[in-house]
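*Asks:* give me a model of this one.
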Amino acid sequence: MKIIRIETFCNAFVGFTRVTDETGAQGWGQMSTYHSDITAQVLHRQVAPWTLGRRIDDLDDHLDLVQEREHKFPGSYLCRAMGGLETAIWDLRGKAAGKPVTALLGGTPGRIRAYASSMRRDITPADEAERFRRLRAEQGFDAFKFRLGAEVGRGRDEWDGRTEEIIPTIADAFRGEQVALLVDANSCYSPAQAIAYGRVLEQNGITHFEEPCPYWELEQTREVTRALADLNIDVTGGEQDCLLPIWKRMIDMRAVDIVQPDVMYMGGMGRTMRVAAMAAAAGLPVTPHCANLSMVTLFTMHLLRAIPNAGKYLEFSIEGADYYPWQQDLFVSDPYAIMDGMAEVTDAPGWGVEVNPEWLARSTYQLSEMPG
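*Replies:* So this is what the prediction gives:
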């Protein structure tokens, strides 16, 4: 296969990609959300030149080549851009084979248990509990995640006393029910704070403690993981990390109990599956990060149906237009219906989704193609 055209359709928040091969076949993908307009520049300037006209049989090897050629620019933006290329190629391949991407990865279509993931810290504990109860009644969720502390908060709370209030409030809202409760500290705490809160969480039946310490301080997170090892609570993390050597170190040192790569931050499906394979070799499950309803959640659904060490559930954002106005009207039809707390990967070829032409018409368009 040779890619002869790479197109991007972007605003500042979302960037879709379309690739065309030498036969005229096309596939759709997405770069990572947030500053997607900047990521599109990276894609056209630093990924496209190493891709257009080059025969691509081994997609993982091709992305390694791109990173080698751009060795002076390691890190997030290059990976976010590569993901736009890679996910579009998977869609092209799936459509050509008449199969969903998960089948190309060794998986099968089907349902996936989802957890309702709150992104908000501006919500009161009582209001958070009330909307969780409503979602349980309306869509059947039986797992919920809420936020502790302030995001990268240097030990501070979003407001005084919020964390101490929200833990028992959410726990009491589901007391005696078969419901899983998760929390995310978003790099807020020192190890001592995280260990203390971890014990309170476990006493309240909360079993998932995400990114308790600054994510780049792996030794701090490992300290928390070791201190809480005898409790019924998993320390989790990794969503921000995009470099495979860091993932190897994180897994080798057992910094976390559950790994949480983000398909878009990682640079696509193949690189995320490499992390999953490292985790599987170490006996660790994978519960990816996917915190909005652009294509990243769809990619993650296909991934979870394909890897042998998939975690217990899919992260599923519960935020609507008031919080994420930019994720509205992205697709012709909604791929994210939740029934009985479950999402579903269909048997439609590729990603099984069509980007909304009206959204595309409003976007900023760029093209890289073979000359002639």
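
*Asks:* where exactly do the helices run in the stretch 51-200 of the chain?
*Replies:* 59-69, 76-97, 101-104, 125-139, 162-173, 191-203 (DSSP state H, counting those that start in this stretch).

*Asks:* highest mean neighbour count out of those?
*Replies:* Highest mean neighbour count among those (mean count of other C-beta atoms under 10 Å): helix 76-97, with a mean of 25. Glycine gets a C-beta too; all of them are placed from N, C-alpha and C.

*Asks:* next one: it to chain centre, how far?
*Replies:* Chain-centre distance of helix 76-97: 15 Å, with C-alpha atoms, centre = their mean, to the nearest Å.

*Asks:* what's the angle from that helix to helix 59-69?
*Replies:* Angle, helix 76-97 to helix 59-69, by axes from the mean of the first three to the mean of the last three C-alpha atoms, to 10 degrees: 150 degrees.

*Asks:* stretch 22-29 - what's its average pLDDT?
*Replies:* Regarding stretch 22-29, the rounded mean pLDDT is 98.

*Asks:* I meant to write stretch 363-372 there.
*Replies:* On average, stretch 363-372 scores 93.

*Asks:* residues contacting the closest residue to V152 other than its chain neighbours?
*Replies:* Leaving out its chain neighbours, the residue that sits closest to V152 by C-beta to C-beta, 6 or more residues apart in numbering is S187, at 4.6 Å. Neighbour list for S187: 151-153, 211, 213-215 [criterion: C-beta atoms under 8 Å, 6 or more residues apart in numbering].

*Asks:* tell me the one of those nearest I112?
*Replies:* Within these, the smallest distance to I112 is 22.3 Å, found for E211 (C-beta to C-beta).

*Asks:* ok, and the closest non-adjacent residue to the closest one?
*Replies:* G237 (4.6 Å).

*Asks:* show me where the stretch 101-250 of the chain has strands.
*Replies:* Secondary structure of the stretch 101-250 of the chain by DSSP state E, counting those that start in this stretch: the strands cover 110-117, 143-147, 180-184, 208-210, 234-237.

*Asks:* can you tell me what sits against the longest one?
*Replies:* Applying C-beta under 8 Å, 6+ apart, the set of residues contacting strand 110-117 from outside is 132, 135, 139, 141-145, 180, 182, 291, 301, 304-305, 312-318, 338, 341-345.

*Asks:* recalculate using a threshold of 7 Å.
*Replies:* Strand 110-117 is contacted from outside by 132, 135, 141, 143-145, 180, 182, 291, 301, 304-305, 312-318, 338, 341-345, using C-beta atoms under 7 Å, 6 or more residues apart in numbering.

*Asks:* buried residues, it. List them.
*Replies:* 112-117 (16 or more other C-beta atoms under 10 Å).

*Asks:* make TSV out of the residues you listed and add distance to M278.
*Replies:* TSV is the format used below for those (distance: C-beta to C-beta, whole Å):
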residue	distance to M278
I112	22
R113	24
A114	25
Y115	24
A116	29
S117	24
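
*Asks:* nearest to I170, of the residues you listed?
*Replies:* Within the buried residues of strand 110-117, the smallest distance to I170 is 11.5 Å, found for A116 (C-beta to C-beta).

*Asks:* picking up where we left off before, please tell me I have it right and the residue nearest to E211 contacts R254.
*Replies:* No - G237 lies out of contact with R254 (C-beta atoms under 7 Å); the separation is 11.8 Å.

*Asks:* which one of the two has more residues nearby?
*Replies:* Between G237 and R254, G237 has the larger neighbour count (other C-beta atoms under 10 Å), namely 27 against 15.

*Asks:* just to revisit the earlier point, now list the buried members of the contacts of strand 110-117.
*Replies:* Applying 16+ other C-beta under 10 Å to those flags 132, 135, 141, 143-145, 180, 182, 291, 301, 304-305, 313-318, 338, 341-345 as buried.

*Asks:* any idea how far the residue nearest to the spatial centre of the chain lies from F16?
*Replies:* With distances taken as C-alpha atoms, centre = their mean, the residue of the chain nearest its centroid is C290 (2.7 Å). Plainly put, C290 is 16 Å away from F16 if you go by C-beta to C-beta, to the nearest Å.

*Asks:* check I258 too.
*Replies:* From I258 to F16 the distance is 30 Å (C-beta to C-beta).

*Asks:* between those two, point out the one with more neighbours.
*Replies:* When I258 and F16 are compared for neighbours, F16 comes out ahead with 25 against 20, by other C-beta under 10 Å.

*Asks:* so the more buried one touches I6, yeah?
*Replies:* No - contact status for F16 versus I6: not in contact, 11.6 Å apart, counting by C-beta under 7 Å.

*Asks:* stretch 240-249 spans what distance, first to last residue?
*Replies:* 15 Å (C-alpha to C-alpha, to the nearest Å).

*Asks:* repeat that for stretch 236-249.
*Replies:* First-to-last residue span, stretch 236-249, C-alpha to C-alpha: 15 Å.

*Asks:* just for the stretch 101-250 of the chain, where's the confidence low?
*Replies:* Judged against pLDDT under 70, the stretch 101-250 of the chain has no low-scoring part.

*Asks:* can you list contacts of the helix or strand where T272 lies?
*Replies:* Secondary-structure assignment from DSSP states H and E places T272 in helix 269-281. With contact meaning C-beta under 7 Å, 6+ apart, helix 269-281 is reached by 59-60, 63, 86-87, 90, 105, 244, 247-248, 251, 259, 261, 263, 266, 286, 299, 303, 307-309.

*Asks:* what is the subsequent helix or strand relative to that helix?
*Replies:* helix 295-304.

*Asks:* give the next helix or strand downstream of that following helix.
*Replies:* Counting by DSSP H and E, the element after helix 295-304 in chain order, helix or strand, is strand 314-317.
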